[in-house]
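Asks: The following block contains a protein sequence and its predicted model.
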Amino acid sequence: MAARAKKLPRIVAALRRLYGPPPAPKVTDPFALILRENVTYLADDAKRENAWNALRSRVGTDPEAILAAPRGELLAIARAGILAADRVDKIREIARIALDDFGGDLDAALDASPDQARKALKRFPSIGDPGAEKILLFARREKVLALDSNGLRVLTRLGYGKQEKSYAASYRSVRAATRPEWTEDFDWLIAAHQLLRHHGQELCKANRPRCEACPVRADCAYGSRTAGP
């Protein structure tokens, strides 16, 4: 058990040595994080960042500004990804929820307990438990190891939790398995999220992972089974 307790911090430290310290998140405001998540669909990080910057500079990120913006302007921004018209509808819905349900002040709603804060965030489109936890982590409201799909895949391959039929069940399984090994520090948790995500994008890919180059292969049952010597 003692050796197990040191595994996750050791993995995160190895990824930090490989990739370097990750930069601090550029966006930490909860409402802005919701918008950024929804501004475009199936776009890579660079395109999403460009779309987010375009929304900030050409429209603004206040709910009133978004609802007042011409649909064509929002559509042009959302075309960084696919299903642009759907993205526009979601962005406008987010703005309406912020005004109608929270009086334009989402921060106040997140001052409640973590469970109540999650419920508030999940009222917005495309925000489930993983997205809500990332927002609470980046906004430094809750010390939680939030994971995206890349980080979840990395930890599942490393032996944490199980890959279930549903993504939500897999997420809960990995979250429960890693919970005893978290370092209760915002900086560590944010960096762990970023490093695990980056590792899933760079080496521990869904298809044809580069296990031979992985610095944590010794801790990885998947890598030990699939990679050559």
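Replies: Everything's here; your move.

Asks: C-terminal to the worst-scoring helix or strand of the chain on mean pLDDT, what's the next element?
Replies: One helix or strand of the chain scores below all others by mean pLDDT, DSSP states H and E: helix 2-5, with a mean of 46. Per DSSP states H and E, helix 2-5 leads on to helix 7-19 as the next helix or strand towards the C-terminus.

Asks: How about the contacts made by the residue positioned nearest the centre of the chain?
Replies: Note on the chain: the residue nearest the mean C-alpha position is Asp148, at 4.4 Å, using C-alpha atoms, centre = their mean. By C-beta atoms under 8 Å, 6 or more residues apart in numbering, the contact list for Asp148 reads Pro130, Lys134, His193, Arg197, Gly200. To be clear about C-beta, it is placed using only N, CA and C from the backbone, and glycine gets the same treatment.

Asks: what ranges do the helices span in this structure?
Replies: 2-5, 7-19, 30-38, 45-58, 63-68, 71-78, 84-102, 106-109, 114-121, 129-138, 149-157, 167-178, 186-202, 221-226 (DSSP state H).

Asks: Any chance of TSV for those, columns mean neighbour count?
Replies: Shown next, in TSV, are those (neighbours: other C-beta atoms under 10 Å):
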stretch	mean neighbour count
helix 2-5	8
helix 7-19	17
helix 30-38	22
helix 45-58	16
helix 63-68	15
helix 71-78	17
helix 84-102	18
helix 106-109	16
helix 114-121	17
helix 129-138	22
helix 149-157	22
helix 167-178	17
helix 186-202	20
helix 221-226	14
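
Asks: Out of those helices, which gets nearest to Pro215?
Replies: For Pro215, the closest of the helices of the chain is helix 7-19, at 4.5 Å, according to C-beta to C-beta.

Asks: List the neighbours of the closest one that are in contact with it.
Replies: 22, 158, 160, 178, 181-183, 188, 191-192, 195-196, 198-199, 202, 215-216, 219.

Asks: so how far is Ala192 from the closest residue to Lys143 other than its chain neighbours?
Replies: Once flanking residues are discounted, Lys143 sits nearest to Glu184: 5.4 Å by C-beta to C-beta, 6 or more residues apart in numbering. Separation of Glu184 from Ala192 (C-beta to C-beta, to the nearest Å): 12 Å.

Asks: just Ala13 next, same as before
Replies: 10 Å.
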